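A.B. asks: Next one to model:
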Amino acid sequence: MVPSVLIVDDEKHTREGLQQALAEGYDVSVAASADEAFNLMDAQTFDVIVTDLRMPGKSGLKVIDKALALENRPAVIMLTAYGTIETAVEAMKRGAVDFLTKPVNIERLEVLIQRALKTKTLEVEVKQLHERLDAKFSLDGIIGSSPKLQAVLDKVKLIAPSRATVLIEGESGTGKELIAQAIHQASPRSRAPFVAVHCASLSESLLESEIFGHERGAFTGAAERRVGRFESADTGTLFLDEISEISPATQVKLLRFLETKSIERVGGSKPIELDVRLVAATNTSLEHRVKAGKFREDLFFRLNVVKVLLPPLRDRADDVPMLLAHYIKVFSDENGVPPLTIEPGAMGTLQAYAWPGNIRELRNFCENAVVMRRGGSISEFDLEPKFRDGPVGGLQEAAPGTPQPSHLSVEENEKRLFREALIKARGNRTRAADLLGISRRTLHRKLVQWPELDVTDK
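C.D. replies: Predicted structure coming up:
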């Protein structure tokens, strides 16, 4: 599409000369006054506006104000025969992208127009990126309607606008980083950086340098100054995942930041004041680590201003169908295939499964199912045995005295035995009865008693 340019100038020979000079590369319109320009801006969209400063009636500064109030903001270049510094500064303050004095150098004007078009394109791309981030990491984008998840989201809505430090606890794979990003996107800092550091993946020395940065010569190999993640997150949010893994020395420096809102680079002595909101996450209980002498109590209290406890997926069984449908569609779209359907028997088994790896495990299951698809649906026969006898997950380092799952009853064991036989027989009752060493009539009687087991072909 040819870029559109509006020339606004009360001097006829100037506006018509510019129109003729730019006609080959642009769709050029002209206006003899600010009011005429306003009418054109209301009627159509322009990519760039080139306006004179001094005109009878409203000045070019009013043209800037009008242009930048539009939904699709054009880039504005100011022209004037009065090329003073004060004029240029005022035009830039109003939002002009550049300034050019008369008589107009056409080559210079074309350079400024091309620069303005690139700036406008970049602004559109940034806006679209923010819109995608808002959609991806908004609270509305978090899937699930179970009461426990809704309680978490309600809490996030309350804390997001504040400056409070947040501690997120939850098992691995429960979506701690997603919640941290949702807190950031729902906060006044949403247009500032969100910087994530996974503490467990770095050694002690590397982690300290990564978070706080270092000065040249601070240690062997430090050939130049490095800005750390804290400084990169200034005015935004710093997310420290697996905060329980940081060393005692790093804990001290982190505590100092929370108390003074300033850091020092490794090897430096000058405090650097920063405006950073800290969100930390852990898959262990920090309180238990404090009691065990593995984490500073004063730092724990500083981090634990607001705690968000994410429920494991086994406590959100009602959300499993929604999550399965979502991720199956995501991976089906990625692979260009129709979405799989999940048969009722398979859905019941997947809902009853403990999902020790939580949403991460469910996501991997969906990708595997799409890639390894056999037909257009997932039946109970397609599920691995682990889904019928899966382990129970839990927060690491559970508190002493935490109740453990009780042993299965005789009836539950019998049900499990019957289900395994039916699965192995792929729903054939006669074959299942043979595997169990019972008659088909006995099997039929059990299925009448336990209809939830009936996955047979009858």
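A.B. asks: Leaving out chain neighbours, which residue sits closest to Leu274?
C.D. replies: Distances taken as C-beta to C-beta, 6 or more residues apart in numbering place Asp234 nearest to Leu274, at 5.0 Å, with adjacent residues excluded. Just so you know, the C-beta spots here come from the backbone N, C-alpha and C atoms, and that holds for glycine as well.
A.B. asks: Tell me how far that neighbour lies from Lys157.
C.D. replies: Using C-beta to C-beta, to the nearest Å, one gets 25 Å for the distance from Asp234 to Lys157.
A.B. asks: Provide a list of residue ranges in the stretch 51-200 of the chain with pLDDT below threshold.
C.D. replies: In the predicted model, the stretch 51-200 of the chain carries pLDDT under 70 at residues 82-85, 124-141.
A.B. asks: now the strands for it?
C.D. replies: Along the stretch 51-200 of the chain, counting by DSSP state E, counting those that start in this stretch, strands occupy 75-80, 98-101, 166-169, 194-198.
A.B. asks: same check, this time on the stretch 251-400 of the chain
C.D. replies: Under DSSP E, counting those that start in this stretch, the stretch 251-400 of the chain gives strands at 262-263, 272-273, 277-282, 306-309, 341-342, 377-378.
A.B. asks: just checking, what packs against the first one?
C.D. replies: Judged by 3 or more C-beta pairs under 8 Å, 6 or more residues apart in numbering; DSSP states H and E, strand 262-263 is in contact with helix 248-260, strand 272-273.
A.B. asks: Check whether Phe230 really touches Leu258, as I assumed.
C.D. replies: No - contact criterion C-beta atoms under 8 Å: Phe230 and Leu258 do not qualify, at 11.5 Å.
A.B. asks: Between those two, which is the more surrounded one?
C.D. replies: Using other C-beta atoms under 10 Å, the more surrounded residue of Phe230 and Leu258 is Phe230, with 24 against 15.
A.B. asks: Could you look up the SS state of the more buried one?
C.D. replies: helix (DSSP: H, G, I helix; E, B strand; the rest coil).
A.B. asks: residues in contact with it?
C.D. replies: Applying C-beta atoms under 8 Å, 6 or more residues apart in numbering to Phe230 gives the contacts 211-213, 238, 257, 263, 274, 276.
A.B. asks: so which one among those has the lowest pLDDT?
C.D. replies: Lowest pLDDT within the contacts of Phe230 is found at Gly213 (90).
A.B. asks: residue contacts, that one?
C.D. replies: Counting by C-beta under 8 Å, 6+ apart, Gly213 has contacts 225-228, 230-231, 263, 265-266.
A.B. asks: quick check, nearest of these to Ser59?
C.D. replies: Nearest to Ser59 among those: Glu231, at 42.1 Å, using C-beta to C-beta.
A.B. asks: what number of residues lie near the closest one?
C.D. replies: 18.
A.B. asks: And the pLDDT for it?
C.D. replies: Looking at Glu231, its pLDDT reads 94.
A.B. asks: next one: Val308
C.D. replies: 95.
A.B. asks: That one bridge partners, please.
C.D. replies: Val308 has these beta-bridge partners by DSSP bridges: Ile168.
A.B. asks: From Ile143, how far out is it?
C.D. replies: Distance, Val308 to Ile143, using C-beta to C-beta: 17 Å.
A.B. asks: Who has more neighbours out of those two?
C.D. replies: More crowded of Val308 and Ile143, by other C-beta under 10 Å: Val308, with 21 against 15.
A.B. asks: correct me, but the more buried one touches Val166?
C.D. replies: Yes - assessed by C-beta under 8 Å, Val308 is found in contact with Val166 at 6.3 Å.
A.B. asks: Identify the contacts common to the two.
C.D. replies: Ile159.
A.B. asks: which stretches of the stretch 151-300 of the chain form helices?
C.D. replies: 176-185, 204-212, 229-232, 248-260, 286-291, 297-303 (DSSP state H, counting those that start in this stretch).
A.B. asks: should've said the stretch 351-458 of the chain
C.D. replies: In the stretch 351-458 of the chain, the helices defined using DSSP H, counting those that start in this stretch lie at 358-371, 410-424, 429-436, 440-449.
A.B. asks: looking at the ones you listed, which one has the lowest mean pLDDT?
C.D. replies: When I compare the helices of the stretch 351-458 of the chain, helix 410-424 is least confident, with a mean of 76.
A.B. asks: for that helix, which positions count as buried?
C.D. replies: 415, 418-423 (16 or more other C-beta atoms under 10 Å).
A.B. asks: go on, stretch 142-158?
C.D. replies: In terms of neighbour count (16+ other C-beta under 10 Å), stretch 142-158 has its buried residues at 142, 144, 146, 149, 152-153, 155-156.
A.B. asks: any chance of the helices and strands packed on strand 262-263 in a markdown table, plus distance to Gly25?
C.D. replies: Below are the helices and strands packed on strand 262-263 laid out as a markdown table (distance: least, C-beta to C-beta, whole Å):
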| stretch | distance to Gly25 |
| --- | --- |
| helix 248-260 | 53 |
| strand 272-273 | 47 |
